[in-house]
Structure formats: C-alpha cells, structure tokens
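J.: how would this look folded up:
(one chain, ligands or ions: 1)
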Amino acid sequence: MKVLVTGGAGYIGSHVVADLVKAGHDVAVVDNLSSGQRQHVHPSARFYLADTTRPIELAKVFVTETGSAPIDVVMHFAAKLDVEESVRLPLAYYHNNVEGLRIVLACMLDAGVKNIVFSSTAAVYGDPLAQEPLSEHMPTLPINPYGSSKRAAEQLIQWVSASDGINYAILRYFNAAGADESCALGLEKPHYTHLVPLAVRAALGLEDAVKIFGDDWQTPDGTCIRDYIHVSDLSDAHLLAAQYLLTEQKSLLLNLGTAQGSSVKEVIAAVDKLRPCPYQVVGKRAGDPAVLIADASKAHEVLGWCPQRDLDVIVKSDLNYRLRART
Ligand code: UDP
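T.: Okay, here's the model as predicted:
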C-alpha cells in the first residue's frame, strides 16, 4: 500500500514509518521538524519538509505524491502532545491538532484519499471516576486542552467520514514508551515530562533523582498506575489498522494498551533492576488521574492485535536507546 505519514519524524511516527518500509510498503513522510528528528526517518521513505497547518504547502505534497500513484492511507501523527504546555497554550494546541487535521482532511478529499489512521490518546477520557479498565464506549470528558483538542479532532474525522465516506481508524494510545529493537529510534525531547525516560535518565546520571508525584494515592503502593505500551506494539497496531481499512472498508475506534497497570514505583523498580535509579517523593502533579488502564479487548478482537513487549522490555529498550544516542 502507499501511505502518507504526517509527523513521520516523530517518536511514534518514525517507528511506524520504519515498520511500513520493512513490510514493503511505499511511504512518504511530511514533517515540519518542530520536534521530530530528520535522521529518524527511514532512508527509503520520501521526505517532505512541510507543515500540516499550511494548506498550500500540504496540498503540494498531496499533488506530487498522487501524481505517481494514488495514496491508499494517510496516517496522521503530526500534533502537539504535551499536557502541561497545552494548559499554557490552548490556542496553539487547537491550531495544530484540530486546524492541522482539518487541512489534512481537506487535502485527502481533494486527492481522493479514502482512509485515515489517526493518533489519539487516553487523555480523551479525562479523569475517570472508576478505576476499572477503560473501554472505548466510556464517556470522554477531557480535562486539559491537549485531550480536548484530540477529542475535537476525533469528532471532526467522524463528521467527515459521515459526509464524504472516508474510513477512519482512531487509535487511542495509553502510555507509549520504549524504543525499537535496533535502538536507533526513541523518544527525544528538549525537556522530558514522561516517567519512563525520566527514570532511565536519572539512572544514567543525565537527570537528578526522578520525582514521584505523590505516594498517597488510593492505589496499592500509593503511586499512580498507568498502562505502559511499547512503541513497537503500537506500530504493529497501525499496520494492522491500515490493512483493515483497505480490506474491510469500515471505520474503527480502538484503545491501544496492554490492559496491565504499573505503578510509578514499579516503573522505577524495573529501571533499578538494570541500573540504580535515584528517586524522591514530591507533591502531586495537577490533573493526574490515579489509575488509567486500557480495556484493549476490542483491538484484539477486531485486529488480532496482542502487545508482545512488557514493562521490562520497555525500560531496557529505552535505556539502550539512551546509551546509544547519549540523550
Ligand atoms: N510521573 C511521576 N514523575 C515524573 C513523571 C511522571 O511520578 O517525573 C507519574 C505521573 O504522575 C503519572 C505517571 O508517572 O502518574 C505517568 O506520567 P507520564 O507523564 O509519563 O504520562 P501521563 O500518564 O501523564 O500521560
């Protein structure tokens, strides 16, 4: 299949691009390199330095690409995704995550592209009252501009699907982490906020002790519980979802997680098994729910997708990536 990947130089996008190329697909990447790494784009993918929020720039890419052969699927990763930043810059988040998507959809309609795989997030669920695994039909009540912009984007895709007959796979990621097997790709940021890279970096002496945001939550060890999913497992799900769109010509909305929760202390313990990981307990971070775990049974039933890599693989791959990349 021919796939156009927006945000293909980013963390999850670059893993998916590499897996698409390895599986023999024809891949073009659009990225503005605001946070992505050019060197993380597989050399066999065609690369366009362009911004999804600029209609003329993006339309040119679609025209060039459809000139040789039709695009079968757009995978849309390009987005802003930092919760804290979104609280400070809600307009920027709606501009990138909703307006950017609107322009991608308009280009798709002009170019006759019928299928989109969309990166969404568990942040659309907000702060659920119950601590049970979240299934796709649970209410979506986002509590920050990031989650809210992603929910608005999901809705826009659903409206355009109804009006223009495109098929979508909306994929709600839980806590993506880890690096690919070769450890050539991984999460790189000027300022880290996620637990796994922070704990690994603390173990490598690249950060001070990792902070535990509260240890008096209503959880067994008092720290927050999340569903950490390996980036390569996420990538596998994208390839399966794209194939599903092409063969079934039906839409999908799926959670992508492992259905296993790990506490902050358990993540730190997993890192500590590899290298001593210094930590300190500090106050709670605003807006953190106590527990977020996916009910991922639908992705298993519909796509036959089953995550293969556990927390130990996640932290080991992140550590190996950082040892290799020195980041
Ligand atoms: N967390 C923490 N210390 C950190 C970063 C995160 O204790 O330095 C906790 C955070 O409160 C949450 C979990 O680790 O319970 C995962 O946070 P992360 O930012 O990685 O992902 P989120 O679940 O917020 O998307």
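J.: going forward, measure contacts and count neighbours with C-alpha atoms only.
T.: OK.
J.: Surely residue 120 is in a strand?
T.: Yes: if the criterion is DSSP: H, G, I helix; E, B strand; the rest coil, then residue 120 is within a strand.
J.: Identify the nearest residue to it in space, disregarding sequence-adjacent positions?
T.: residue 172 (4.4 Å; C-alpha to C-alpha, 6 or more residues apart in numbering).
J.: and if you look at residue 314?
T.: residue 178 (4.4 Å).
J.: Now the helix or strand bottoming out on mean pLDDT in the chain: buried residues?
T.: Across the helices and strands of the chain, the lowest-confidence element by mean pLDDT, DSSP states H and E is helix 83-88, at a mean of 91. Residues of helix 83-88 classed as buried by neighbour count (16 or more other C-alpha atoms under 10 Å): 83, 86.
J.: which other residues reach it?
T.: Contact with helix 83-88 is made by 92-93, 144-147, as judged by C-alpha atoms under 8 Å, 6 or more residues apart in numbering.
J.: before we move on, back to that, surely the residue nearest to residue 314 meets residue 315?
T.: Yes: using C-alpha atoms under 8 Å, residue 178 is in contact with residue 315, at 6.1 Å.
J.: returning to what we had before: now do the residue nearest to residue 314: how many residues are near it, please.
T.: 30 (other C-alpha atoms under 10 Å).
J.: buried set for stretch 37-45?
T.: 37-38, 40-42, 45.
J.: pLDDT of stretch 109-119, averaged?
T.: The average pLDDT within stretch 109-119 is 98.
J.: circling back to that earlier point, now name the helix or strand holding the residue nearest to residue 120.
T.: Assessed by DSSP states H and E, residue 172 sits inside strand 167-173.
J.: Name the residues that touch that strand?
T.: 114-122, 154, 157-158, 161, 234, 241-242, 245, 249-257.
J.: Could you tell me which of those count as buried?
T.: For the contacts of strand 167-173, buried by 16+ other C-alpha under 10 Å: 114-122, 154, 157-158, 161, 234, 241-242, 245, 251-257.
J.: and of the buried residues of stretch 37-45, the nearest to the ligand?
T.: Nearest to the ligand among the buried residues of stretch 37-45, counting by C-alpha to the nearest ligand atom, is residue 37 at 20.7 Å.
J.: how far does stretch 66-76 sit from the chain's center?
T.: 21 Å (C-alpha atoms, centre = their mean, to the nearest Å).
J.: same thing with stretch 123-143?
T.: 17 Å.
J.: got the buried residues for it?
T.: 123-128, 133-136, 140, 142-143.
J.: near the ligand, which residues of the stretch 101-250 of the chain?
T.: By the rule C-alpha under 6 Å from any ligand atom, the part of the stretch 101-250 of the chain lying against the ligand is 175, 193-195, 210-213, 224-225.
J.: Those residues in strands, which ones?
T.: Among those, the residues falling in strands (DSSP state E) are 175, 210-213, 225.
J.: Adding pLDDT and neighbour count, write these out as JSON lines.
T.: Output for those, formatted as JSON lines (pLDDT from 0 to 100; neighbours: other C-alpha atoms under 10 Å):
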{"residue": "175", "pLDDT": "98", "neighbour count": "23"}
{"residue": "210", "pLDDT": "98", "neighbour count": "22"}
{"residue": "211", "pLDDT": "97", "neighbour count": "18"}
{"residue": "212", "pLDDT": "98", "neighbour count": "20"}
{"residue": "213", "pLDDT": "97", "neighbour count": "18"}
{"residue": "225", "pLDDT": "96", "neighbour count": "24"}
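J.: now those in CSV, with distance to residue 31?
T.: Shown next, in CSV, are these (distance: C-alpha to C-alpha, whole Å):
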residue, distance to residue 31
175, 23
210, 31
211, 33
212, 34
213, 33
225, 33
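J.: which residues does residue 208 contact?
T.: Counting by C-alpha under 8 Å, 6+ apart, residue 208 has contacts 202, 278.
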